[in-house]
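Asks: okay, predicted coordinates and the sequence, questions at the end:
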Amino acid sequence: MAVVRATQTEIAEAVAALRAGELVVFPTETVYGLGANASDPDAVRKIFEVKGRPADHPVIVHLDNPRYLHRWVSDVPPVAERLAAEFWPGPLTLILPKAGSVNDIVTGGQDSIGIRVPSHPIAQQLLTAFGGGIAAPSANRFGRLSPTKPEHVRDELGDAVRVILDGGESPLGLESTIVSCLGNEARLLRPGSITRSQLEAVVTLSSGGPVPRASGDRLLHYAPSTPLAIVSSDNLEKYAGEFVARHEKVAVMAMRPPLQTHRQMTWINAGKKPEAYAHNLYNHLRTLDSAGCERILVQELPHDERWAAILDRLQRASGMDGDPLELSAG
């Protein structure tokens, strides 16, 4: 993918907006972020207002370089140092003990804070020019599909944001991997493009210890407006056919083409390559969500760690925790 950079004029406008307490949308390698000056509680509060985000749901602070960690955290445990050295800049968020100066609005009232050093060149340009931390969850309404293109942000947030830095499509298309490093124990809280095996090559992952609240940890999250269900490949046509028989429109996202087409069925073949599937996931779901269907059916994914982050997002999009749902007839 071509490297996209912003002009100095665009960066200067974004920095001026941040310093004035306004919100700025900027691209990262994962998804687009809705950014505010992390040191300005009133500015961060605007993020919550625009997104409709619950006050106890923490936001991630983005830095251009780990050397500024001391401004935001009280301690950097050895496991965090190893992970940061291996994966920053990149799609990894670390949960660390917060510094006393950090306002509760950033942390959702917790004693911990999420920090990320993004690798996207425009994010780096903005952070370096701004010279501080930018609090930035995804630039969408709370609980809805994350934006991977600037037009997604414009469609959803409209005039609520003054500046949108256009970086084209997000390279990865899925939110960052989140690892808690509290108590010097590494615990995977949200899967992302950095897999469990990659993390375990650097640190030992724990299944115990504290579980702080983190971005995207709600059971129903990353959700389209249209109800979504995950079904087995064998049952895709069966369930889709039940909607068609009732003269209802149905949307399908599968890893293969349909066995037969129907006028009332919108089918996307998302393919069998996890990187491409992840990159296109939210764009495909937005397309299906706008098709005016009764239900979105998604083919069950392989239980393989390369698919773990995608499966996590789809399970949350369906409001489902655990095994794929089998729809009852009718």
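Replies: That came through, no problem.
Asks: please make it C-alpha for all contacts and neighbour counts, starting now.
Replies: OK.
Asks: next, Gly198: secondary structure please.
Replies: For residue 198 the amino acid is Gln, not Gly. helix (DSSP: H, G, I helix; E, B strand; the rest coil).
Asks: roughly how far does it sit from Ala139?
Replies: 28 Å (Cα to Cα, to the nearest Å).
Asks: neighbour count winner among those two?
Replies: Taking neighbours as other Cα atoms under 10 Å, Gln198 and Ala139 compare with Ala139 leading, 30 against 12.
Asks: quick one, phi psi at the more buried one?
Replies: Note on Ala139: backbone dihedrals following degrees, to the nearest 10 are phi -90, psi 70.
Asks: residues in contact with it?
Replies: Residues in contact with Ala139 (Cα atoms under 8 Å, 6 or more residues apart in numbering) are 25, 32-34, 51, 146-147, 153, 157.
Asks: now swap in Ile296 and tell me
Replies: By Cα under 8 Å, 6+ apart, the neighbours of Ile296 are 226-229, 250-253, 288-289.
Asks: quick check, nearest of those to Val298?
Replies: Relative to Val298, the closest of the contacts of Ile296 is Met253; by Cα to Cα it sits at 4.8 Å.
Asks: can you give me the helices in the stretch 151-300 of the chain?
Replies: 196-200, 236-245, 274-289 (DSSP state H, counting those that start in this stretch).
Asks: from the contacts of Ile296, keep the buried residues only.
Replies: 226, 228-229, 250-253, 288-289 (16 or more other Cα atoms under 10 Å).
Asks: got the domain boundaries for the protein?
Replies: 8-200, 228-318 (automatic domain parsing).
Asks: mind checking how far the shortest one is from the chain centre?
Replies: The reference is to domain 228-318. How far domain 228-318 lies from its chain's middle: 19 Å, per Cα atoms, centre = their mean, to the nearest Å.
Asks: that domain spans what distance, first to last residue?
Replies: Start-to-end, domain 228-318 (Cα to Cα) is 5 Å.
Asks: and stretch 208-223, by the same measure?
Replies: 29 Å.
Asks: what is the rounded mean pLDDT of it?
Replies: Mean pLDDT, stretch 208-223: 71.
Asks: how much space between Tyr282 and Arg162?
Replies: 24 Å.
Asks: the more surrounded of those two?
Replies: Tyr282 (25 against 13).
Asks: which residues touch the more buried one?
Replies: 145-148, 173.
Asks: top of those by number of neighbours, please.
Replies: Highest neighbour count within those: Thr148, with 31 neighbours (other Cα under 10 Å).
Asks: what distance do you get for that one to Gln125?
Replies: 19 Å.
Asks: repeat for Gly167
Replies: 12 Å.
Asks: neighbour count: these two, which is higher?
Replies: More crowded of Gly167 and Gln125, by other Cα under 10 Å: Gly167, with 23 against 16.
Asks: so the more buried one makes contact with Pro147?
Replies: No: taking contacts as Cα atoms under 8 Å, Gly167 lies outside contact range of Pro147: 12.0 Å.
Asks: mind listing the strands for the stretch 151-300 of the chain?
Replies: With strands called from DSSP state E, counting those that start in this stretch, the stretch 151-300 of the chain shows them at 163-164, 177-180, 187-190, 228-231, 250-254, 265-269, 295-299.
Asks: and these as JSON lines, adding mean pLDDT and distance to Gly208?
Replies: Shown next, in JSON lines, are these (pLDDT from 0 to 100; distance: least, Cα to Cα, whole Å):
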{"stretch": "strand 163-164", "mean pLDDT": "96", "distance to Gly208": "40"}
{"stretch": "strand 177-180", "mean pLDDT": "97", "distance to Gly208": "11"}
{"stretch": "strand 187-190", "mean pLDDT": "95", "distance to Gly208": "8"}
{"stretch": "strand 228-231", "mean pLDDT": "96", "distance to Gly208": "29"}
{"stretch": "strand 250-254", "mean pLDDT": "98", "distance to Gly208": "36"}
{"stretch": "strand 265-269", "mean pLDDT": "98", "distance to Gly208": "39"}
{"stretch": "strand 295-299", "mean pLDDT": "98", "distance to Gly208": "32"}
